[in-house]
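# Below is the sequence, then the predicted model.
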Amino acid sequence: MAELLKKDQMKPGAIVEGGTMAKLNTGVWRTYVPMTDLEKCTNCLMCWIFCPDSAIKVSGGERHETDLQYCKGCGICAAECPVDAIEMKLESDVPPDDKKG
Ligand code: SF4
Ligand code: SF4
């Protein structure tokens, strides 16, 4: 059985300062892309509240397109949308010009 380390025997872990991902194109990690039908959208902003990457843009109380540079395709927004305005599609099935978040 492994011997447990005491607190002063442990090495410090790596800590990264907050906000560093803003400098990276984390959207390239995505497998699925959220396709939003803004005609169906009721501006409830549930997707904005739940998006873990702050990728959904809102201004003046209105939901706008998703910033695909940061969206990692987790699908939480689609799961939370009460009117099914967001559909997750395989990235490879959507032509680049049709990706609108
Ligand atoms: S899939 Fe939706 S919830 Fe997930 S990162 Fe992209 S915009 Fe945000
Ligand atoms: S959760 Fe759906 S209805 Fe609500 S703002 Fe987002 S896309 Fe629009």
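Sure thing, it's come through. Ligands and ions are numbered 1, 2, ... in the order given.
# With L68 as the reference, measure out to L4.
Distance of L4 to L68, computed by CB to CB, to the nearest Å: 46 Å. No exception for glycine: its C-beta is placed from N, CA and C like everyone else's.
# quick one, what contacts the closest residue to T42 other than its chain neighbours?
Nearest residue to T42, sequence neighbours excluded (CB to CB, 6 or more residues apart in numbering): V83, at 5.7 Å. Contacts for V83 (CB atoms under 8 Å, 6 or more residues apart in numbering) come out as 40-42, 44.
# which of the residues you listed count as buried?
C41 (16 or more other CB atoms under 10 Å).
# now the contacts of V83 in a markdown table, with secondary structure?
As requested, the contacts of V83 are arranged in a markdown table below (DSSP: H, G, I helix; E, B strand; the rest coil):
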| residue | secondary structure |
| --- | --- |
| K40 | coil |
| C41 | coil |
| T42 | coil |
| C44 | coil |
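# quick check, nearest of the contacts of V83 to R63?
Nearest to R63 among the contacts of V83 is C41, at 5.7 Å by CB to CB.
# My read is that the closest one contacts T66, right?
No. Contact criterion CB atoms under 8 Å: C41 and T66 do not qualify, at 11.4 Å.
# tell me, which of the contacts of V83 make contact with ligand 1?
Filtering the contacts of V83 for proximity to ligand 1 by CB under 6 Å from any ligand atom leaves nothing.
# Now the two most distant members of the contacts of V83.
That would be K40 and C44, which, of those, are the farthest apart (CB to CB) at 11.3 Å.
# quick one on the thing from earlier: compare L4 and L68 and say which one has the larger neighbour count.
The residue with more neighbours, out of L4 and L68, is L68; 19 against 6, by other CB atoms under 10 Å.
# and that one, helix, strand or coil?
Under three-state DSSP, L68 comes out as coil.
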